[in-house]
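K.L.:
pasting the structure only:
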């Protein structure tokens, strides 16, 4: 519909999970050529291969999530599950940003949007492994974003919570109206967000209109948390 | 050019100062009907009169600045100057939001964007009066934004710094290349922002695409500060 | 009991309200000579007179609260009540800090602790006037604290919530066990704070042991909010 | 000298690096029995063995640092170095907290202080690996701290920067007066912090006087950063 991203090539990672599909859809509607990848990025060279095969990328949407949810009280944390969160969420983010940076630095232009989480901004009981991994992502975005800014690369994070998505809010959960009612109680906007709303924020951050925003973790949670 | 705001009526306050003109221009380019007001809002009833005369308002841009810059070490703060900052920046923000809220609550829809400052997010020596006033604005946005969200009103702040504007960076200051060089040194983006960039962020916040963002203070300073 | 503040002279303002009494008590227990003032600080010269009469002050505890609680939805804010919050909470803070700064700058040593609030760190519906005033305080502390630091003056804020005190939690409120139960639900520490706990934090900030902490707003709310 | 921690048993990890020695010294001066460990905590069972052998622990100081500093631009990040930061800083923090939690939960009392960093609170170019690892620590503290609070366990972080210590400011660096002068320029307190000052903050957080502070990341950097 729009033309915010006309002439741009965008790569969306892990399109099959989390915010992949709705973001890919909105970027396309805004005129971008979108490469949707469902590659497993947990192996050391996967990120580099993905970028090398993709060719010139103006916009990278680093969308990552764990393969299955796990939670535990601190005293019961499982080493393998803990490691999995870092292997699936944290290290691939670094690798995909590292792989795409050289071409963006050479062109002195580029947009990177990481889809992270608002959870570490408040802390959630029984989810300290998840929060630690998402917190590592947010800290990486801030630091790498501050660094890459001088090359006219804008790297920011959408730190969302309470947005509908197939990974954290599967259909059966959204069908549980009592559960949804309880969740909505703590959201000032009094509703869950929609996937396309994350898509619109990603499209704005991917466009030339947001070039003065860098290294920023943007809370996106209907007011559940507004601080970083 | 765009049509992000087609069919919307927007009111921009204090259009003659700070970010008034560039925001009004971008909102118009995005299809909004824009009422640009240069009314003095320091008298108690001015805000209500402005809103009453304006008719239905979908988008309020609460753009406020002091009539003249003043700075002082803490021990030298002048009572009259201190009061002036609150009278010119803080109280009119509350009054204009109070005046426009009823019609937005009735329609269950509305957008309010306050143009505040990133200064209180880091603190600036010799500007504690300015920081206190802008900090009051930011705190008001967060609290009122959380409250108004349930009525489908999205109230947020653009907390900017180092963006070109006629009030804080008059032409003679921007002509001082040594001064600009010194400023740019502390900005990760390695340049000043342009007025139209604030305009684009305001347009995004004024559009239906950002309905899940409420009560938020968005740093907008090329990476100079990224926390709230 | 302790001797953390031996040989120090401390001034506690508005001792009859908010955290005045428990702080004065703890500072005395830690060996300080404490001047407890119940002077009304809303008139322009009151702060200066207080400081002039007090003589040398090593530690200023700027404890301020409104004379009576008031809350309202944004659209119903009363101008007189709004102004009262700024007159009772914000302006006296600046004036008392302004008055004490010269002697501290001359001695190149001093401690100022403002008792503010955690409310503006999260935002509270119907309390946007209160949040704006407390937010102004917090922003003033950050900015003035950054400035005064070079003179070896440490100026910080205790941004508390859910701490028992005569002003916001009068005995009849604490006697309402249902109400207390509801409050405690949102506090990770699962209890209200005690007045003397604020006193201990104030004593630490007033001591030589915390000289590297400046311009900081310290959330103190049992985990209800942990971000600034 | 003091008796803040009389009758308490404290364990300080990695005493040979970062803030280990000065913290152990201050805790002892405050009356604690201190177990100083220099055990390598990078192997999976090391943390559990350490805690099992230590017996009852009232206070855990989780002091961790990398075995050698490494920095790189984002595009040059080395996988092995990146992994090392997480293996040396992040995973041992979780493991040592996990190991000590059960005994603290059983006693319904305990203090855990993590010595992390202020770096991820602002972001530092060429240190995105370090910032990501320290950011993971901070996020873990917030989340686990919120969770453990209900058991009367207070888990907080000292997020320091510009404090003298053998790991990040070795003697030869502090002897470089030009370098120190440049560092001091960006610190509002106009000096580096001393190791014992971190010790005093740790002692306060380890004492009964700070029981209402939980899940908090306390910036400790002379005003270089004051936000979390």
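P.N.:
That came through fine. Not measured: the values here are computed from a predicted model. Numbers count the residues shown, from 1 in each chain, chains lettered A, B, ... in the order given.
K.L.:
ok, which stretches of chain A are helices?
P.N.:
A:20-29, A:46-54, A:79-85, A:91-107, A:119-122, A:128-148, A:171-174, A:177-185, A:195-206 (DSSP state H).
K.L.:
How far off centre is the fifth one?
P.N.:
Averaging C-alpha coordinates over helix A:119-122 and over its chain gives two centres that are 15 Å apart (Cα atoms, centre = their mean, to the nearest Å).
K.L.:
which of the helices of chain A is buried the deepest?
P.N.:
Each of these was scored by mean neighbour count; the highest is helix A:128-148, a mean of 29, by mean count of other Cβ atoms under 10 Å in any protein chain shown. For every residue, glycine as well, the C-beta is placed using N, CA and C.
K.L.:
quick one: average confidence on it?
P.N.:
Averaged over helix A:128-148, pLDDT sits at 98.
K.L.:
what about it, near chain B?
P.N.:
Yes. Using Cβ under 8 Å from any Cβ of the partner chain, helix A:128-148 reaches chain B at A:142, A:145-147.
K.L.:
The residue nearest to residue A:145 when sequence neighbours are not counted: how many residues sit nearby?
P.N.:
Using Cβ to Cβ, 6 or more residues apart in numbering or on different chains and skipping residues adjacent in sequence, the residue nearest residue A:145 is residue A:215, 2.9 Å away. Applying other Cβ atoms under 10 Å in any protein chain shown, we find 28 residues neighbouring residue A:215.
K.L.:
Go ahead and confirm residue A:215 touches residue A:143.
P.N.:
Yes. Taking Cβ atoms under 8 Å as the definition, residue A:215 is a contact partner of residue A:143 at 7.4 Å.
K.L.:
residue with max distance from the center of chain A?
P.N.:
Largest separation from the mean C-alpha position in chain A: residue A:75, at 28.8 Å (Cα atoms, centre = their mean).
K.L.:
Please name the nearest non-neighbouring residue to it.
P.N.:
The spatially closest residue to residue A:75, leaving aside those adjacent along the chain, is residue D:101, at 4.1 Å (Cβ to Cβ, 6+ apart).
K.L.:
now do residue A:183
P.N.:
Excluding the flanking residues, the one nearest residue A:183 by Cβ to Cβ, 6+ apart is residue A:162, at 6.4 Å.
K.L.:
give me the beta-bridge partners of the spatially most central residue of chain A?
P.N.:
For chain A, residue A:115 is the residue whose C-alpha lies nearest the centre (Cα atoms, centre = their mean; 1.0 Å). Beta-bridge pairing of residue A:115, defined through DSSP bridges, involves residue A:63, residue A:158.
K.L.:
Quick check, pLDDT for it.
P.N.:
pLDDT at residue A:115 comes out at 98.
K.L.:
who touches the closest residue to residue A:51 other than its chain neighbours in this structure?
P.N.:
Nearest residue to residue A:51, sequence neighbours excluded (Cβ to Cβ, 6+ apart): residue A:99, at 3.9 Å. Residues in contact with residue A:99, defined by Cβ atoms under 8 Å, 6 or more residues apart in numbering or on different chains, are A:47-48, A:50-52.
K.L.:
rerun that using 10 Å as the cut-off
P.N.:
A:45-52, A:54, A:57, A:60, D:75 (Cβ atoms under 10 Å, 6 or more residues apart in numbering or on different chains).
K.L.:
likewise residue A:92?
P.N.:
Here residue A:92 is in contact with A:13-14, A:39-44, A:46-47, A:50, A:62, A:64, A:86, A:137 (Cβ under 10 Å, 6+ apart).
K.L.:
What of residue A:217?
P.N.:
Here residue A:217 is in contact with A:114, A:116-118, A:120-121, A:135, A:137-139, A:141-142, A:145, A:156-159, A:228, B:219, B:226-228 (Cβ under 10 Å, 6+ apart).
K.L.:
what do you get for residue A:176?
P.N.:
A:182-183.
K.L.:
Can you give me the distance of it to residue A:118?
P.N.:
Distance of residue A:176 to residue A:118, given as Cβ to Cβ, to the nearest Å: 22 Å.
K.L.:
now swap in residue A:34 and tell me
P.N.:
Noted for residue A:34: a distance of 25 Å to residue A:118, by Cβ to Cβ.
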